[in-house]
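Chemist: Make a model of this:
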Amino acid sequence: MASIELKAVEKWYGDVQVIKGVDLAIEAGEFIIFVGPSGCGKSTLLRMIAGLEETSRGQIMIADRDATAEPPSRRGLAMVFQSYALYPHMSVGENMGFALKAAGASKEEIAAKVGEAARVLKLDALLDRRPKDLSGGQRQRVAIGRSIVRDPTAFLFDEPLSNLDAALRVEMRYEIAKLHQALKSTMIYVTHDQVEAMTLADRIVVLEGGRIAQVGSPRELYLRPANLFVAQFIGSPKMNMIDGVGSMLRSISAPGGTAHVGIRPEHITLGAAGSGQIDGVVDVTEYLGADTYVIVDCGNDLRLTVRVEGDTDLRPGASCGLTFAPEHLHFFDGSGLAIRAA
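Modeler: Alright, predicted model coming up:
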């Protein structure tokens, strides 16, 4: 495993700048996830680390070595893509060992490394099968196994679960988390799915428009977002946001300069109309089993989402009051930056 550091990294396509001066230090053995909406630059940044995209400006350091100008083959990294890209005419074992065979490794070395990777990924019983005989999750495990046998300094994952259905994504999240625990390798993972980011990462790098909006642990980003973008991107459902305080909210003590007030769905309590900070009418209820999301129309095009227990008597059309937990209020200024308590 190796540390990776990006120093003022930029990427230009002609006159268009897509990565805008990224500085980031990744510790050896750390699981880092790049997350953000489509077009934010997360896959481009990953490909720059891999050497698949040229770095226009700045430095990429791998294990304290300047690798900025090195070709991918010299960087010692292994990349797992969305597409499994398995050879259909080869068995699972042959697919996993192909890179070693091409590098001239002995049959004994290939067998040992493929066997160990298969054990870690629970593919022991599948080594003689062809890719067409595997499920999507099994194929992705084979693609990961192909990377493991190379004993890379770090693993790079480019949205590896996006081609899987919902159930398989949950299963593979677990597999990847266990893999990181077993290998203790440096891993950089790209996804647009903030649930994947929250459940897998040691630290999350939130990207917006080619820049880092915030870096931190999942807990830090959820509880202390640095700006409006992070506040509403991290969390499902997203944080409720109310423009201004003014006459819309009752008994809210906001810091000077507050332009937006945020509150997460689980930090709102529903009660009788006239109680709390604002009144509204239940618009829609979304039953999810253990939880129900109650969407309340508060007028002036403001709808707030409230998380309650799964069994609720509230029905569309019911009037209610919403009470905000004061310790969980978030305040943002006119430029979208969080206002921290002094």
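Chemist: pretty sure Asp124 contacts Ala118?
Modeler: Yes. Shown here, Asp124 and Ala118 form a contact pair, counting by Cβ atoms under 8 Å, at 5.0 Å. Just so you know, the C-beta spots here come from the backbone N, C-alpha and C atoms, and that holds for glycine as well.
Chemist: how about Met90, what does it touch?
Modeler: For Met90, the contact set (Cβ atoms under 8 Å, 6 or more residues apart in numbering) comprises 98, 130-131.
Chemist: Most neighbours among these, which one?
Modeler: When neighbours are taken as other Cβ atoms under 10 Å, the top entry among these is Pro131 (19 neighbours).
Chemist: Now that one. Nearest residue, chain neighbours left out?
Modeler: Leaving aside its sequence neighbours, Pro131 sits nearest to Leu86 (Cβ to Cβ, 6 or more residues apart in numbering; 4.3 Å).
Chemist: tell me the contacts of the one you found?
Modeler: For Leu86, the contact set (Cβ under 8 Å, 6+ apart) comprises 95, 131, 139, 142-143.
Chemist: Is it possible to get JSON lines of those residues that adds secondary structure, pLDDT and distance to Gly256?
Modeler: Below are the contacts of Leu86 laid out as JSON lines (DSSP: H, G, I helix; E, B strand; the rest coil; pLDDT from 0 to 100; distance: Cβ to Cβ, whole Å):
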{"residue": "Asn95", "secondary structure": "helix", "pLDDT": "93", "distance to Gly256": "62"}
{"residue": "Pro131", "secondary structure": "helix", "pLDDT": "92", "distance to Gly256": "61"}
{"residue": "Arg139", "secondary structure": "helix", "pLDDT": "88", "distance to Gly256": "56"}
{"residue": "Val142", "secondary structure": "helix", "pLDDT": "90", "distance to Gly256": "58"}
{"residue": "Ala143", "secondary structure": "helix", "pLDDT": "88", "distance to Gly256": "53"}
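Chemist: Could you dump those into CSV and include distance to Asn163?
Modeler: Shown next, in CSV, are the contacts of Leu86 (distance: Cβ to Cβ, whole Å):
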residue, distance to Asn163
Asn95, 17
Pro131, 14
Arg139, 9
Val142, 14
Ala143, 11
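Chemist: Show me which of those residues is closest to Asp15.
Modeler: Distance to Asp15, by Cβ to Cβ, is smallest for Ala143 among those, at 36.5 Å.
Chemist: Just list the residues touching the closest residue to the closest one other than its chain neighbours, thanks.
Modeler: Of all residues not flanking Ala143 in the chain, Tyr84 sits nearest, at 4.6 Å (Cβ to Cβ, 6+ apart). Counting by Cβ under 8 Å, 6+ apart, Tyr84 touches 131, 139-140, 142-143.
Chemist: follow-up on the earlier one: mind checking which of Asp124 and Ala118 has more residues around it?
Modeler: Taking neighbours as other Cβ under 10 Å, Asp124 and Ala118 compare with Ala118 leading, 22 against 11.
Chemist: Hmm, that one is touching Gly145, no?
Modeler: Yes. Ala118 is within contact range of Gly145, at 6.5 Å (criterion: Cβ under 8 Å).
Chemist: Pass me the low-pLDDT residue ranges in the stretch 151-300 of the chain, would you?
Modeler: By pLDDT under 70, the weakly predicted segments of the stretch 151-300 of the chain are 246-247.
Chemist: so what's the backbone phi/psi at the residue sitting nearest the centre point of the chain?
Modeler: Taking Cα atoms, centre = their mean as the criterion, Ala197 is the residue nearest the geometric centre of the chain, at 2.6 Å. Dihedral angles of Ala197 (phi, psi; degrees, to the nearest 10) stand at phi -60, psi -50.
Chemist: if we can go back for a sec, any residues in contact with both of Ala118 and Gly145?
Modeler: Here Ala118 and Gly145 have 92, 96 as joint contacts, going by Cβ under 8 Å, 6+ apart.
Chemist: hmm, back to that, check the secondary structure at the residue nearest to Ala143 for me.
Modeler: Here Tyr84 is coil, with the state taken from DSSP: H, G, I helix; E, B strand; the rest coil.
Chemist: How is the chain partitioned into domains?
Modeler: 4-229, 237-332 (automatic domain parsing).
Chemist: Quick one: closest of the ones you listed to Ala341.
Modeler: The minimum distance between Ala341 and the domains of the chain falls on domain 237-332, with 7.4 Å, by Cβ to Cβ.
Chemist: hang on, the earlier thing: quick check: the farthest pair among the contacts of Tyr84?
Modeler: Longest span within those, Cβ to Cβ: Pro131 and Gln140, 10.9 Å.
Chemist: Ends of stretch 206-217, what's the gap?
Modeler: Terminal residues of stretch 206-217 lie 11 Å apart, using Cα to Cα, to the nearest Å.
Chemist: In terms of helices and strands, where is Ile110?
Modeler: helix 107-121 (DSSP states H and E).
Chemist: tell me which residues of that helix are tucked away?
Modeler: For helix 107-121, a neighbour-count test (16 or more other Cβ atoms under 10 Å) marks 110, 113-115, 117-118, 120-121 as buried.
Chemist: now swap in stretch 286-306 and tell me
Modeler: Result for stretch 286-306 [16+ other Cβ under 10 Å]: buried residues 292, 294-296, 298, 304-306.
Chemist: Distance check, Asp128 against Leu134.
Modeler: 12 Å (Cβ to Cβ, to the nearest Å).
Chemist: Fine by me, we can end here.
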